[in-house]
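Peer 1: give me coordinates for this.
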Amino acid sequence: MSDSEDFRILAEELLDFVNGIEASCVKLRTQIDKLFGAKEEKPSYNIEKIRWEQAQGTSGPYEKSIDVNSLDFKALLADIQKHGGKMTVSGYFVWAFQNGSTLGRKKRQK
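Peer 2: Below you'll find the model as predicted:
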């Protein structure tokens, strides 16, 4: 392996580690909010500003995002964690994957 390949692998592992810590912080904040009764606030994110890509799952097509550098993504992820990992936002069913750094969304049926 070349030095650049080793560096790329190390950078990917470090990013995964940082994303895991961030997800843990969101979960901890959610637990603290539950303990101390945080008040409900209007969402501070716009789901349409998040970068989504098409994906195919066992239940059909959906969109997913790993836009971890987006403030809207981070705020939505935190809100989803407060709602047990899934919720409805702007006509979409939105959920967090178990890795803590990927979101999925699917248009709600009318």
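Peer 1: ok but Trp95 is inside a helix, no?
Peer 2: No: counting by DSSP: H, G, I helix; E, B strand; the rest coil, Trp95 is not found in a helix; it is strand.
Peer 1: nearest residue to it other than its sequence neighbours?
Peer 2: In this structure, Trp95 finds its nearest non-sequential neighbour in Lys86, 4.1 Å apart by Cβ to Cβ, 6 or more residues apart in numbering. From N, CA and C alone the C-beta is placed, and that goes for glycine too.
Peer 1: tell me the contacts of the one you found?
Peer 2: Residues near Lys86 by Cβ atoms under 8 Å, 6 or more residues apart in numbering: Ile80, Phe93, Val94, Trp95, Ala96.
Peer 1: now the phi/psi pair for it, please.
Peer 2: Note on Lys86: backbone dihedrals following degrees, to the nearest 10 are phi -160, psi 150.
Peer 1: need the pLDDT of it.
Peer 2: Note on Lys86: pLDDT of 93.
Peer 1: starting at the chain centroid, how far to the helix or strand hosting Asp33?
Peer 2: Assigned by DSSP states H and E, Asp33 belongs to helix 3-36. Its chain's C-alpha centre and that of helix 3-36 lie 12 Å apart, by Cα atoms, centre = their mean, to the nearest Å.
Peer 1: so which strand or helix has Gln54?
Peer 2: Taking DSSP H and E as the definition, Gln54 sits inside strand 53-57.
Peer 1: and the worst-scoring helix or strand of the chain on mean pLDDT, what does it pack onto?
Peer 2: Here the helix or strand of the chain ranked lowest by mean pLDDT, DSSP states H and E is helix 3-36, holding a mean of 84. If contacts are counted by 3 or more Cβ pairs under 8 Å, 6 or more residues apart in numbering; DSSP states H and E, helix 3-36 sits against helix 71-82.
Peer 1: now the helix it packs on and helix 3-36, what's the angle there?
Peer 2: Taking axes from the mean of the first three to the mean of the last three Cα atoms, to 10 degrees, one finds helix 71-82 and helix 3-36 inclined to each other by 50 degrees.
Peer 1: quick one: contacts of helix 71-82?
Peer 2: By Cβ under 8 Å, 6+ apart, helix 71-82 touches 22-23, 26-27, 29-30, 33, 43-47, 49-50, 65, 67-68, 86-87, 89, 94-96, 100-101, 103.
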